[in-house]
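Visitor: sharing a model prediction with you, sequence too.
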Amino acid sequence: MSATEDEQQRLLQPGNNSSDNPEIVIASGCGASLPCDPRRKLHKYLVLIIMCLLSFGSYFVYDNPAALQDVMERDLNLNNEKYMLFYALYSYPNVILCFFGGFLIDRVFGTRLGAIIFSSFVTIGHFLFAAGALVNKPGLMDFGRFVFGIGGESLCVTQNTYAVSWFKGKELNMVFGLQLSLSRVGSTVNMNTMKPLYDHLASFMGIGHHTLGITLFIAGVFCVFSLLCAFAMAFFDKRAERILKKKEALTGETIRISDVKNFPLEVWLLSVICVAYYVTIFPFVDVGLLFYEMKFDQSAKLASLCNSLVYILSAAMSPFTGFAIDKTGRNVFWVIAGVVLTIISHGLLAFTFFNPFIPVVLMGFAYSIVASALWPMASYIVPEYQLGTVYGLMQAIQNLGLATIAQAAGAIVDTKGYLLLEMFFLALLCIALIFSLLLYFVNAYKKGNLNLSTAKRKQLAKLEEKAAQ
Ligand SMILES: C[C@H](NC(=O)[C@@H](N)CCCCN)C(=O)O
């Protein structure tokens, strides 16, 4: 008997009933111990940690330019436009690539190989970026960000499809919240460590592009770490598939590009909500620093704290908001509530001189709600074999919005000022709200389950299971 068969045999040995499912059997040996049994919660949560760390490196290095903006502009002699190109080169290609990335995950690579390939793109892209800084070649840095971008967004797609495959039906919203949380820890740690790291290296190497390059190389360690997580995830996922005989449960259906035109209306509504909402968060944070300094007369340090609070709060709150959504269900109502709170927050920032910390805390909280409730909804609308493509599509549209609105936001600030920018964001949030209401009505009309309570969803799942037997 091979090791694999032996492990399967031990896990399936009769007589050892699990507490949460009488059909689950355990026996001695690591394969059947609590942390190693893929049907056990403990094993799932251990795998969840690896799943969450998949995108840690990518989120960490994504905002390296923001953390080192002044250093980059000085050491590489860049103007604002060239600096912003590092972000545009990440977003623009993804308008197309991320959709195909999602399709390739569904049709060609599968989630496991997809995660390894896209993590490799992230790592190689970032090291090219660092090498470009080391030898003072901004062109190489641009190319590095482009390669990084190819991997970064599609890696998020693989992370989402892993989450659905392991947690569909139970803790999915909390899992999405936790993923967001750890990713945001990545952004926040980056924001607070890169400059001190550069300053430390500069204290004995001196300032300049060499020091910048070494700093970026060190940051790349997190990408290597996430790449290792992609290999570990592939191992655990393959093992779970083998032990739980997941392959036998597959329908054998595969996605075709032409399926996109038959996607339910809800997919398109979700995509519009996603883009209209996210363009009022990410680009707002990008330009937030000067906003707090100019409108609220804050010191640079206080403004930086205020600006990073949206991400810090979402890192802290998302697992809890996700947990609450799991308990209650009704994802569309949660999204509507999150969008309304964001409208209040932007409204306060636009029209009042209240302490900006209050609306910013509100925004961080609202963003956690929307992110935890929005992304899991895709898994209620389409079958699993189409999920990568749907996430790819949503992120492609999101990137189109992010790339264009980021540029528009800069232009609006330059020519019309912050009040108009805030009104622009408020208009976009109203679009997000209208489409969320539309989503509610369309799905209710079709008797869909997007806004059902968790109890009702469980009842339906049981009925479907019975009907399938
Ligand atoms: C969960 C969601 N993810 C995204 O929006 C992705 N497109 C990745 C963005 C990465 C850029 N920093 C989120 O981060 O809220």
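Guide: Received it, and whenever you're ready, just let me know what you need.

Visitor: low pLDDT regions in the protein?
Guide: Judged by pLDDT under 70, the chain has its weakly predicted residues at 1-35, 80, 247-253, 255.

Visitor: write out the residues of it neighbouring the ligand.
Guide: Contact residues (C-beta under 6 Å from any ligand atom) of the chain with the ligand: 59, 62, 153, 156, 180, 183, 278, 371, 375, 395, 398. C-beta here means a position set from N, CA and C on the backbone, and glycine is covered the same way.

Visitor: which among those gets closest to residue 226?
Guide: For residue 226, the nearest member of those is residue 59. The distance, counting by C-beta to C-beta, is 9.2 Å.

Visitor: test my guess that residue 37 contacts residue 47.
Guide: No - between residue 37 and residue 47 there is no contact under C-beta atoms under 8 Å: 11.4 Å.

Visitor: how's the chain carved up into domains?
Guide: Under the assignment named as automatic domain parsing, the residue ranges that make up the domains of the chain are 38-245, 259-469.

Visitor: for those domains, give me TSV that also has mean neighbour count.
Guide: Formatted as TSV, those follow (neighbours: other C-beta atoms under 10 Å):
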stretch	mean neighbour count
domain 38-245	21
domain 259-469	19
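
Visitor: with adjacent residues omitted, what lies nearest to residue 306?
Guide: By the measure of C-beta to C-beta, 6 or more residues apart in numbering, the closest residue to residue 306 outside its immediate chain neighbours is residue 292, 4.9 Å from it.

Visitor: wasn't that neighbour part of a strand?
Guide: No - the secondary structure assignment for residue 292 gives helix rather than a strand, going by DSSP: H, G, I helix; E, B strand; the rest coil.

Visitor: tell me the contacts of it?
Guide: Going by C-beta atoms under 8 Å, 6 or more residues apart in numbering, residue 292 touches 298, 302-303, 306-307, 356.

Visitor: pick the one among those residues closest to the ligand.
Guide: Ranking the contacts of residue 292 by separation from the ligand, with C-beta to the nearest ligand atom as the measure, puts residue 307 on top at 14.8 Å.

Visitor: beyond the helix or strand where the closest one lies, next helix or strand please.
Guide: With elements taken from DSSP states H and E, the one containing residue 307 is helix 300-328. Per DSSP H and E, helix 300-328 leads on to helix 331-351 as the next helix or strand towards the C-terminus.

Visitor: now that next one against helix 300-328, angle please.
Guide: Angular relation of helix 331-351 and helix 300-328 on a 0 to 180 degree scale: 160 degrees, by axes from the mean of the first three to the mean of the last three C-alpha atoms, to 10 degrees.

Visitor: what sits against residue 310?
Guide: Taking C-beta under 8 Å, 6+ apart, one finds 281, 285, 288, 360, 363-364, 367 in contact with residue 310.

Visitor: quick check: the farthest pair among these?
Guide: Among the contacts of residue 310, 288 and 367 lie farthest apart (C-beta to C-beta), at 13.1 Å.

Visitor: hmm, residue 334 and residue 451 touching each other?
Guide: No - taking contact to mean C-beta under 8 Å, the distance of 9.3 Å between residue 451 and residue 334 leaves them out of contact.

Visitor: residues in contact with the strand or helix carrying residue 99?
Guide: Here residue 99 sits within helix 80-104, counting by DSSP H and E. Under the criterion C-beta under 8 Å, 6+ apart, residues 62, 65, 69, 72-73, 114, 118, 129, 138, 141-142, 145-146, 148-150, 152-154, 157, 255, 257, 286, 388-393, 395-397, 399-400, 402-403, 406-407, 410 lie in contact with helix 80-104.

Visitor: before we move on, what about stretch 222-232?
Guide: Stretch 222-232 has contacts (C-beta under 8 Å, 6+ apart) with 50-51, 53-58, 60-61, 115-116, 118-120, 122-123, 126-127, 186.

Visitor: cool, stretch 188-203 as well?
Guide: Stretch 188-203 is contacted by residues 59-61, 63-64, 66-68, 71, 211-212, 214-215, 218-219, 308, 311-312, 315 when judged by C-beta under 8 Å, 6+ apart.
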